[in-house]
Structures are given as C-alpha cells and as structure tokens.
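**Q** I'd like to go over a predicted model; first the sequence, then the structure.
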Amino acid sequence: MTLAVEGVGVRYGAHVALAPTSFAAQSGELVALIGPNGAGKSSLLKALAGLLPCSGNVSWRGTSLAAFDARQRARTVAFLPQTPVLHWPMRVRDLVALGRLPHRGYGAAPSSADDEAIDWAMLQSETSAYADRAADQLSVGERARVLLARALSVQAPVLLVDEPIAMLDPYHQLQIMTVLRAYARDALVIAVLHDLALAARFCNRVLLIDRGAVVDDGPPERALSPAAVRKHYRVEPLITSHDGEPVIVPWRRLGSEK
Amino acid sequence: MMVAGDAAPDDAAAGRRRLSAWLALLALVSAGASLVIGRSSGGPTFGFGAPELASTILFDIRLPRTLLALLVGGTLGLCGAALQGLLRNPLAEPGLLGASSGAAFGAVLVFYFGLAGAESLALPAGAVLGSLAALAVLYGLAARRGDFLTIVLAGIAINAFTAALTSLALNFAPSPYAALEILFWMLGSLADRSLAHVWLAVPLMVPGWLLVIAASRGLDALTLGEETAASLGFDPRRTQWLVVGGTALAVGGAVAVTGVVGFVGLVVPHLLRPWVGHHPSRLLLPSFLGGAVLTAVADIAIRLMPPGPELKLGVVTALLGAPFFLQLIMRPRPGAAA
C-alpha cells in the first residue's frame, strides 16, 4: 500500500514554506522527517494530513485523498500535532476514545472494536495506569503520551506524528520509538524528529528537509552522514556505533556567523 | 490508579444517566409547581381559583408561562454549553454573538414606533427579525475570515452597536411611558405570555437545537484543537457555523418572547461540566435540563414574592446567578483546567 506524494508544496502568502515535493512511501516504513527549525517539516506533515491548503496531490492506494470523504480520510490518515492541545480536563480514557470518532456513526455507542482499540492504544503508550484520571492531573510528558494514544487509537494505515517524543523522558522516548517501529510493521508512519540518534536507530528511511526542500531521501547512514549533518544542521556530529547500530550525537556548533 | 471523585467507565456512564434523570425529574416537578402556583395583586396564589375560571387560568396563563420557562431556559442552557464548547472557554454565553441584543433592538423598534403593546405578537415578531438580522450581519462580517476570534469580536461589535441603538431609541422615546416599557421588556419576563408566544418561539428554537446537537461530536473533537479536529474528519468551520447558527436561531426565538434572561446560559453549563467529566457533547442534555429547571424555579420564586410589583425574570436570574457564579470561580480549584 503506497502513499504517493506528487508536487506537494506549501506557501504562506509570498513565503514558500515547502517547494513542490514528490516521493512515495509504503506500508512497513517508519520514515523520519528530519531538518533544522523552520525547514518545512511540519508544513509537509500537515499538507499530507490535509490540514493546509497546498499544491499537488496526495494519494493512498491509487486514490487521491481529496476524493475521500472526511470520515474515510480520517480513518486512513491519523495525525498528531506538534503542540499538545487539550482544552478541557477530560478523563484520559475519554480523550483517547476521541480517536475512534471517525469509526463511529452519529450517536452510536463505542463498539467492542472501539474499546479494544482504545485499550490497545493506552497499553502501547503506557497510559493505562491513569485511564480514569482527569487530564489536568497529568504531567506534560504523561499528557503527550495520552495524546499519542489518541492518535494510535484511530488505527489508521497512515500515521503522521509531529515530534512525538520531544517532551518525553529517555525511557519513554525509547519506548515510543519502539511502539512506532512496531506500528509501522503493517502501516506507514512518518515522524518529525529532532533526535538524530533515535531517528538513525529506529527509522529505516530519512527525509532530510532544509529551507523548504527535500535535500536527501534515503537510509539513515546516508541522509545523516557527517557531511549532511554539518551542512544542514551546522553542527559537528560525533558518529560512532554501538552493537552494530549507529550513534549520532550533535557535538559542537560550526562557525555560525558568516 | 484511582483518584477520589473519579469513577470507572461504567459507573461514569451510569452517573451521567442518573444526572440527566434527576434533572428531568426536577424539571417535571418544577413544571408541576409552576402550573399550580400563581400570583395576583395580593401576592402568591395556589390552585386554580374558582372552578369556572380554572381552565382559563391553567391553559391560558400558567401553561404558556410554564412551557416558555422550560423552553427558554433549556435553550439558554443548551446554547451556553455548545458555545462554551465551541470557543473552548467557560466564559462564553449565548448573548456573546449579538443575537439577543439584536432581538432586543428589534423589539425596541416595535415599541418605539408604537406598533405594539407589551402583550401583542408584533413585539416578538420584531425581536425575531432583529435576531435574524444580527445573525446575518455576523455572518457577513465573519464568514470570510471565518475563525473563532473574528466571530467573537464581530459579536461584541454587534452587541455594542445594537446596545447603542437601543439607548438611542430610549433617548428619543416618544413618551416616558414608552421608555419604561422598553426598559421593562429588556429585563426579561414570562408574565402575560400566551400559547401564541410559544408557537412563535418553537419554530425557531427546535431547528436551532437540532443544529447545535448536530455539532456535538465536532465539539468533542475540538477539545484537541482545530487541527486535530480536522484530522478526525470534523471541519471546525462546519462545527462553528452549526453552533453559531443554531444558537442565533434558538436564542433569538427565546429572547423574542421573554426579553433578555441573563446568566442561565453561563452558569448552568459551568455548574454541570464537572459532573460529565468536562465532556462537551455529554454536557448538552444536562445543560438543557438544568437551564429549564433554573428558569422555571426562578419564575416560581417571582410568583412567591410578597405582594408588590412582580419582579422581572432577568433580574432574578442575575441576582441569583451572579453571586453564585462568583462563589464558584473564587473558591480554590485544585483540578482547574491548565
């Protein structure tokens, strides 16, 4: 199952946030969207989710997403925004259940499939323990995992997540990356990440974006080579390996001002 | 890991059903009381008076008053809950959109041109037109940008402008009596209403309710913000116009027959929200019932006052509501929303 992205570009007025971009990605891939602040990663992700007016076309299994009706589209593409937004202190389980809205008819009670999906998502994100707590009794990191559980509970074949581990402790960063890796076994996951080490270890493909354009698209070893990191992040990386897996640590800023 | 005050899922669902059942029972009880309690120049009266007058008193005086109390109160509660959900702000209330001040101004115009005494149907008809005009202006001002902030600001501007026009009408009122009549009408009252008023308001209220209810799942999705709501298949613009249009229709219809009744739409959803776990769609039905109860009880309280001029409903709901609301927001809230 393929997500085909053809000439997708985003502009805010005269400012081009993302030049027309094309690529295809398949079920089974965990794709890291990597690049410095303001490179256009979130714009690309939102354009794929249909949340921004954009040029070009996105299709899933040969059908343009624009031709999907809203609910069908919502069941196909799940999206987790970068900024955690939670306006009412609802019970955690009720919040995760919002991910099942596209699966339920108007006024219908949650089906057993809904309940299973909710329980599964909370188990994955390790949030089951506070299922009955109000969301305002959670820490920022706990809340971030609840919102990720909400996105997981959609059980969409395409999952787009914007900085899913930015607010998590090291334990949960590893845990959520493992969950995303497992989810990507029979789905497509595209994740905006800033942690180069985790991106290199867990993702099998990296889209490197800089100044509104995809500058590399390939395996982590290539897209996150020392030269690429130097050029696009302006940092000298420390690259080594451990147990046969790459370790990338940003080490020193390169002569910043020109 | 359970925290005191929280309940397991099944208990929570049962609790919500119990809440609605209790509120419905209270609404029935207050409706019954409203039917048997009346008021004459000598103060409160009980029962239906002389047998030959009983059916007139019941059907022409008390029944319309009772029905309107329930319908208007329910409308204010429901629309208040929906608007608070839409704007994700517990301070929103139905008057915010300018529909009620538009309705008030429409009614004032009818007064001003001497088209009607307080009991005629020309008055509510003018109010309905005023509220629809306010909605049309709101739509004209806010449709292009279409975001929540523009709608709220446009609503505030319409409120200010229609309030100024109403004051202008008072300024130039043909007689002090007319000015007094305008003022009294704006305070809100259910006295001396007939079934004709009910039939005038219902065709606006019911479609308004349906529009608001159609937005309920969209309101839940909006808890997670506009982007996530859109990604769940609920276009925030659609949710917004369902709520705004429904509120303007229903509240316009309510204000048209009762004048402006404050605080019900603000206090009732605020009070009931913790009972439904802050869940926007689950707040709608209890708020409708709670608004109906509060308004019916306030209207009964008016009739139970000692002899003297009858108090206005809007005065009583604000007198009861404001201190209560203050107490509610001043007390420490360990679980306040971040």
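**A** It's in. Numbering: from 1, shown residues only, chains lettered A, B, ... in the order given.

**Q** quick one: residue B:247 and chain A, what's the gap?
**A** 19 Å (Cβ to the nearest Cβ, to the nearest Å). Where C-beta positions appear, they are placed from N, C-alpha and C, glycine not excepted.

**Q** doesn't residue A:20 fall inside a helix?
**A** No. Counting by DSSP: H, G, I helix; E, B strand; the rest coil, one finds residue A:20 to be strand, located in no helix.

**Q** that one and residue A:5 touch, don't they?
**A** No. Residue A:20 is beyond contact range of residue A:5, at 9.8 Å (criterion: Cβ atoms under 8 Å).

**Q** residues from the stretch 101-250 of chain A in reach of chain B?
**A** Contact residues (Cβ under 8 Å from any Cβ of the partner chain) of the stretch 101-250 of chain A with chain B: A:101-102, A:106, A:129-130, A:132-134, A:136-137, A:147, A:150, A:154.

**Q** alpha carbons of the strand or helix carrying residue B:219, in PDB - could you do that?
**A** Here residue B:219, judged by DSSP states H and E, is contained in helix B:216-222. Provided in PDB are the C-alpha atoms of helix B:216-222 (Å, rounded to 0.1, in the frame of the first residue of the first chain):
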ATOM      1  CA  SER B 216     -21.900  17.700  19.300                       C
ATOM      2  CA  ARG B 217     -19.200  15.300  18.000                       C
ATOM      3  CA  GLY B 218     -17.400  18.200  16.400                       C
ATOM      4  CA  LEU B 219     -17.400  19.900  19.800                       C
ATOM      5  CA  ASP B 220     -15.800  16.800  21.300                       C
ATOM      6  CA  ALA B 221     -13.100  16.700  18.600                       C
ATOM      7  CA  LEU B 222     -12.400  20.400  19.200                       C
END
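
**Q** which residues are in contact with it?
**A** Helix B:216-222 has contacts (Cβ atoms under 8 Å, 6 or more residues apart in numbering or on different chains) with A:87, A:98, A:101, A:106, B:82, B:85-86, B:88, B:228-229, B:232-236, B:238-239, B:242-243, B:279-281, B:284.

**Q** and those, which are buried?
**A** Burial by neighbour count, 16 or more other Cβ atoms under 10 Å in any protein chain shown: within those this picks out A:87, A:98, A:101, B:82, B:85-86, B:88, B:228-229, B:232-234, B:236, B:239, B:242-243, B:279-281, B:284.

**Q** and the strands in chain A?
**A** A:2-12, A:15-26, A:30-34, A:55-60, A:63-64, A:77-80, A:158-162, A:188-192, A:205-210, A:213-218, A:235-242, A:245-253 (DSSP state E).

**Q** go through those and name the closest to residue B:299.
**A** In terms of Cβ to Cβ, the element of these nearest to residue B:299 is strand A:77-80, at 48.2 Å.

**Q** which elements pack onto the closest one?
**A** helix A:41-49, helix A:140-153, strand A:158-162, helix B:226-231 (3 or more Cβ pairs under 8 Å, 6 or more residues apart in numbering or on different chains; DSSP states H and E).

**Q** among these, which comes closest to residue A:214?
**A** helix A:41-49 (8.3 Å).

**Q** contacts for that closest one?
**A** With contact meaning Cβ under 8 Å, 6+ apart, helix A:41-49 is reached by A:3, A:5, A:8, A:10, A:17-18, A:21, A:33-35, A:52, A:54, A:58, A:77, A:79, A:82, A:158, A:160, A:162, A:190, A:192, A:209, B:227, B:231.

**Q** farthest-separated two in the residues of the stretch 101-250 of chain A next to chain B?
**A** It's A:106 and A:129 that sit farthest apart of those, by Cβ to Cβ, at 32.2 Å.

**Q** would you state the strands of chain B in chain order?
**A** For chain B, strands defined by DSSP E occupy the ranges B:37-40, B:43-46.

**Q** tell me, how many residues neighbour the residue lying closest to residue B:69 once chain neighbours are set aside?
**A** Spatially, and ignoring its direct neighbours in sequence, residue B:69 is nearest to residue B:296 (4.2 Å; Cβ to Cβ, 6 or more residues apart in numbering or on different chains). Counted by other Cβ atoms under 10 Å in any protein chain shown, the residues lying close to residue B:296 total 29.

**Q** so residue B:296 touches residue B:30, yeah?
**A** Yes. Here residue B:296 reaches residue B:30: they are 4.0 Å apart, a contact under Cβ under 8 Å.

**Q** where do the helices sit along the stretch 151-300 of chain B?
**A** Assigned by DSSP state H, counting those that start in this stretch, the stretch 151-300 of chain B shows helices spanning B:176-186, B:195-214, B:216-222, B:226-231, B:236-258, B:264-272, B:284-304.

**Q** average pLDDT for the second one?
**A** Which is helix B:195-214. If you average the pLDDT over helix B:195-214, you get 93.

**Q** the shortest one too?
**A** In this model, helix B:226-231 has a mean pLDDT of 95.

**Q** that older thread, can you add distance to residue B:59 and give the helices of the stretch 151-300 of chain B back as CSV?
**A** CSV is the format used below for the helices of the stretch 151-300 of chain B (distance: least, Cβ to Cβ, whole Å):
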stretch, distance to residue B:59
helix B:176-186, 24
helix B:195-214, 8
helix B:216-222, 35
helix B:226-231, 47
helix B:236-258, 17
helix B:264-272, 26
helix B:284-304, 17
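
**Q** nearest to residue A:222, out of the ones you listed?
**A** Closest to residue A:222 of the helices of the stretch 151-300 of chain B, according to Cβ to Cβ: helix B:226-231, at 31.6 Å.

**Q** helices or strands up against the closest one?
**A** Using 3+ Cβ pairs under 8 Å, 6+ apart, helix B:226-231 sits against strand A:77-80, helix B:216-222, helix B:236-258.

**Q** make TSV out of those and add distance to residue A:93.
**A** As requested, those are exported to TSV (distance: least, Cβ to Cβ, whole Å):
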stretch	distance to residue A:93
strand A:77-80	18
helix B:216-222	14
helix B:236-258	23
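
**Q** lowest-confidence stretch among these?
**A** helix B:236-258 (a mean of 89).

**Q** tell me the buried residues in it?
**A** B:236, B:239-258.

**Q** any idea of the angle it forms with helix B:284-304?
**A** Interaxial angle, helix B:236-258 versus helix B:284-304 (axes from the mean of the first three to the mean of the last three Cα atoms, to 10 degrees): 20 degrees.

**Q** against which helices or strands is helix B:236-258 packed?
**A** Against helix B:236-258 (3+ Cβ pairs under 8 Å, 6+ apart) you get helix B:63-87, helix B:99-112, helix B:122-142, helix B:148-171, helix B:195-214, helix B:216-222, helix B:226-231.
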